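Asks: when you get a sec, could you give me coordinates for this:
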Amino acid sequence: MEHSRFFDSVNGDRVYPASSFSEFFASIIGTGVQSLGTNLQVLEVPGTMQIEIQPGVAWINGYFYMVDADKLQLSIDGADPNDLRYDRIVLRWDLQNRELTVKVLKGIPDVNPVIPALTRTESIYEISLAKIDVTAGKSFLEQSQISDERADDSLCGQAGLLVLVDGLDPSQFGSATDVATNTQSISELLDGTQQAGDAGKIDGKKISVSAVEPVGPSEGDLWIDTTV
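Replies: Residues are numbered from 1 along each chain as shown. Take a look at the predicted model:
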């Protein structure tokens, strides 16, 4: 069976569900955080049992997530008086509940505590932003207790391009993080001025994301009008 999309609707004959859009984006953008640096970085709120998720963007299965400039604060449950506990800060894609949100996976205090496992099924998929060591008897968090897990491809990784970039096959790089490193981050690709690769094109065609029509377009170039 063949499929194509997207075309204008005439009297309701072209109505597309959300899955059509997520399938499209999943075919060109991998799962993970958009970049490293401070993008969705987990930081302590000094003197408290709270954490702060820094502004940034991520993708899971073609679905988009963003923390804006207001940042996001979450509370971590208090420490056990006797034993260490590991918690995890994850970004969870939940198809049944139709949401993509940051969650705290609380571990169990123990002499030899276990890090909470990630859930990855057809309806729930989690990527880990950080692991937190909740020290026994301690009433506040320090940054040294927060382990950044965004760069680990098995736990999170970067949302690299899954398309040909200047004639290079991304599969040769071996991971989404390598693809992102070698082809620039998605934010650089789609900021309205920057394009991928030295030639400023993806698969020989220029991509522009802006409210102003690009100057001197060529046949096959893509312009995403942000005013629509």
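Asks: quick one: the strands in the chain?
Replies: Along the chain, counting by DSSP state E, strands occupy 32-33, 42-44, 50-53, 56-60, 63-67, 72-75, 85-94, 99-105, 124-134, 146-148, 207-210, 222-225.
Asks: got any ranges where the chain has weak pLDDT?
Replies: For the chain, the stretches with pLDDT under 70 are 163-211, 220, 222-228.
Asks: could you redo the last one with a cut-off of 90?
Replies: Counting by pLDDT under 90, the ranges of the chain that qualify are 1-30, 35, 69, 159-228.
Asks: show me the residue at the heart of the protein, geometrically.
Replies: When C-alpha atoms, centre = their mean is applied to the chain, the residue found nearest the centroid is A58 (1.8 Å).
Asks: and that one, what does it touch?
Replies: Listed by C-beta atoms under 8 Å, 6 or more residues apart in numbering, the contact set of A58 reads G32, V33, Q34, N39, L40, Y65, M66, L91, I127, A159. For glycine as for every other residue, the C-beta is placed from the backbone atoms N, C-alpha and C.
Asks: of these, just say which sits nearest to F25.
Replies: F25 has its nearest neighbour among the contacts of A58 in A159, at 9.8 Å by C-beta to C-beta.
Asks: ok, now how distant is the closest one from W93?
Replies: 13 Å (C-beta to C-beta, to the nearest Å).
Asks: what's the answer for D70, then?
Replies: Relative to W93, D70 is positioned 22 Å away (C-beta to C-beta).
Asks: D80 too?
Replies: 30 Å.
Asks: more neighbours: which of the two?
Replies: In this comparison of D80 against W93, neighbours counted by other C-beta atoms under 10 Å, the higher total goes to W93 at 25 against 17.
Asks: ok, the more buried one touching E126?
Replies: Yes. The criterion here is C-beta atoms under 8 Å, and W93 meets it with E126 at 7.4 Å.
Asks: now the helices for the chain?
Replies: Under the criterion DSSP state H, the chain contains helices at 18-26, 176-183, 186-189.
Asks: how does this protein divide into domains?
Replies: 32-148, 162-225 (automatic domain parsing).
Asks: okay if I get those as CSV plus distance to S9?
Replies: Formatted as CSV, the domains of the chain follow (distance: least, C-beta to C-beta, whole Å):
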stretch, distance to S9
domain 32-148, 21
domain 162-225, 18
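Asks: out of these, nearest to V10?
Replies: Comparing the domains of the chain by C-beta to C-beta, domain 162-225 comes nearest, at 20.8 Å.
Asks: what's the neighbour count on E219?
Replies: 5.
Asks: I108 now?
Replies: I108, neighbours per other C-beta under 10 Å, totals 11.
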